[in-house]
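Engineer: Structure of the sequence below:
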Amino acid sequence: MAADSTPETSDTDVPVLAVNDLRVSAEDSEILRGVTFEIAQGEVHALMGPNGAGKSTLANVLLGHPGYRVTGGAIRLNGEDITAWPTEVRGKAGLFLAFQYPEALSGVSVTQFLRQAMSARRGIDLSVLEVRFAMTEWMERLGMDPAFGERYLNEGFSGGERKRNEILQMALLEPDMAVLDETDSGLDVDALGVVGRGVTTVRELHPAMAVLVVTHYQRILRDLVPDRVHLMIDGRIVESGGAELAAKIESDGYDSWRG
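Structural biologist: Sure, this is the predicted structure:
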């Protein structure tokens with residue numbers, strides 16, 4: 001009898017993130033209307049679109065925001081259906097969201113916050129010393145003042161400091177899938193460059209990490225070049241392509257895709 005020649009499926013054949021015909025509503029209004037895409041290991045994808053297109057809704061739904069209701073479709077992380085998983089379980093499994101407007105936590109230092117988050121992600125109780133050692137290494141790579149770790153989380157932080165803090169969290173949590181929800185929002189050109197270079201530095205040390213960048217503009221994509229660009233209009237992905245699609249959107253605007 002001939003040997004079975006069917007190739008085995010390796011872990012690298014399974015997309016890190018697979019969104020299939022995802023439909024989402026909030027307050028009886030449908031926002032996402034059948035969104036489908038996949039992101040493979042090590043890839044950077046950009047999600048672009050005008051205000052109200054559903055981009056941030058998608059980012060929040062990926063992390064299990066309770067304010068939205070999934071009415072159809074599925075979300076899979078490394079082949080596991082996580083559509084019904086709570087937020088904290090998704091985070092432990094390797095999904096990370098950098099918020100558009102990170103919240104401040106008075107009385108909780110950056111070090112304390114990261115100790116809890118890293119311990120939950122790794123499933124062990126890390127000591128403060130272990131966390132500080134890891135933080136010091138990454139702060140040096142990202143050009144951050146070590147005193148930053150003793151400040152209360154995001155309290156009194158500038159926009160650029162809040163975004164850089166999100167990059168530090170991403171570096172230390174080592175997610176399989178990082179979602180950056182309009183992380184370029186409100187940043188000047190210099191701060192934008194710092195964020196783009198910071199994400200690139202993290203990816204150099206964690207090359208298997210996949211990234212989804214949610215943005216209105218092409219600016220951040222100059223430092224963080226995407227493998228794939230998706231255009232969302234009215235809750236649907238209406239076109240996907242390479243990095244050239246971002247340039248076309250920047251030059252032509254969204255009107256040619258509306259309707």
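
Engineer: Now for the closest residue to Val16 other than its chain neighbours: which residues touch it?
Structural biologist: In space, and not counting its chain neighbours, Val16 is closest to Ala210: 4.1 Å by CB to CB, 6 or more residues apart in numbering. Quick note: C-beta positions are derived from backbone N, CA and C, even for glycine. With contact taken as CB atoms under 8 Å, 6 or more residues apart in numbering, Ala210 is in contact with 16-17, 39-45, 176-178.

Engineer: Point out where the stretch 51-200 of the chain drops to low pLDDT.
Structural biologist: 100-102, 104, 184-188, 190-191 (pLDDT under 70).

Engineer: Secondary structure added to the contacts of Ala210, as CSV?
Structural biologist: As requested, the contacts of Ala210 are exported to CSV (DSSP: H, G, I helix; E, B strand; the rest coil):
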residue, secondary structure
Val16, coil
Leu17, strand
Ile39, strand
Ala40, coil
Gln41, coil
Gly42, coil
Glu43, coil
Val44, strand
His45, strand
Asp176, coil
Met177, strand
Ala178, strand
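
Engineer: Emit the PyMOL select command for whichever of the residues you listed are buried.
Structural biologist: The buried residues among the contacts of Ala210 can be selected in PyMOL (16 or more other CB atoms under 10 Å) with this line:
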select buried, resi 16+17+39+40+41+43+44+45+176+177+178
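
Engineer: ok, the contacts of Ala210 vs Met139, which is closest?
Structural biologist: Lowest distance from Met139 to the contacts of Ala210 (CB to CB) belongs to Ala178, with 18.6 Å.

Engineer: Rebuild the contacts of Ala210 as JSON lines, extending it with distance to Ala243.
Structural biologist: Below are the contacts of Ala210 laid out as JSON lines (distance: CB to CB, whole Å):
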{"residue": "Val16", "distance to Ala243": "20"}
{"residue": "Leu17", "distance to Ala243": "19"}
{"residue": "Ile39", "distance to Ala243": "15"}
{"residue": "Ala40", "distance to Ala243": "16"}
{"residue": "Gln41", "distance to Ala243": "19"}
{"residue": "Gly42", "distance to Ala243": "16"}
{"residue": "Glu43", "distance to Ala243": "12"}
{"residue": "Val44", "distance to Ala243": "10"}
{"residue": "His45", "distance to Ala243": "11"}
{"residue": "Asp176", "distance to Ala243": "23"}
{"residue": "Met177", "distance to Ala243": "20"}
{"residue": "Ala178", "distance to Ala243": "19"}
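
Engineer: Would you state the strands of the stretch 101-250 of the chain in chain order?
Structural biologist: 105-109, 152-153, 177-181, 210-215, 228-233, 236-241 (DSSP state E, counting those that start in this stretch).

Engineer: residues of the last one that come out buried?
Structural biologist: Read that as strand 236-241. Ile237.

Engineer: likewise the first one?
Structural biologist: Using 16+ other CB under 10 Å as the test for burial, strand 105-109 gives Ser109.

Engineer: cool, and the fourth one?
Structural biologist: Of the residues in strand 210-215, those scored as buried under the neighbour-count criterion (16+ other CB under 10 Å) are 210-215.

Engineer: Now do the same contact list for the nearest residue to Trp138 once chain neighbours are set aside.
Structural biologist: Spatial nearest neighbour of Trp138, chain neighbours left out: Ala171 (4.7 Å); criterion: CB to CB, 6+ apart. Applying CB under 8 Å, 6+ apart to Ala171 gives the contacts 138, 141-142, 201-202, 205-206.

Engineer: Which among the residues you listed count as buried?
Structural biologist: 138, 142, 201-202.

Engineer: I'd like to know which of the residues you listed are part of helices.
Structural biologist: 138, 142, 201-202 (DSSP state H).

Engineer: Break down the stretch 51-200 of the chain into its helices, ranges please.
Structural biologist: 55-62, 87-93, 110-122, 128-142, 159-173, 189-205 (DSSP state H, counting those that start in this stretch).

Engineer: which helices and strands sit right next to the third one?
Structural biologist: The one in question is helix 110-122. helix 87-93, helix 128-142, strand 152-153, helix 159-173 (3 or more CB pairs under 8 Å, 6 or more residues apart in numbering; DSSP states H and E).
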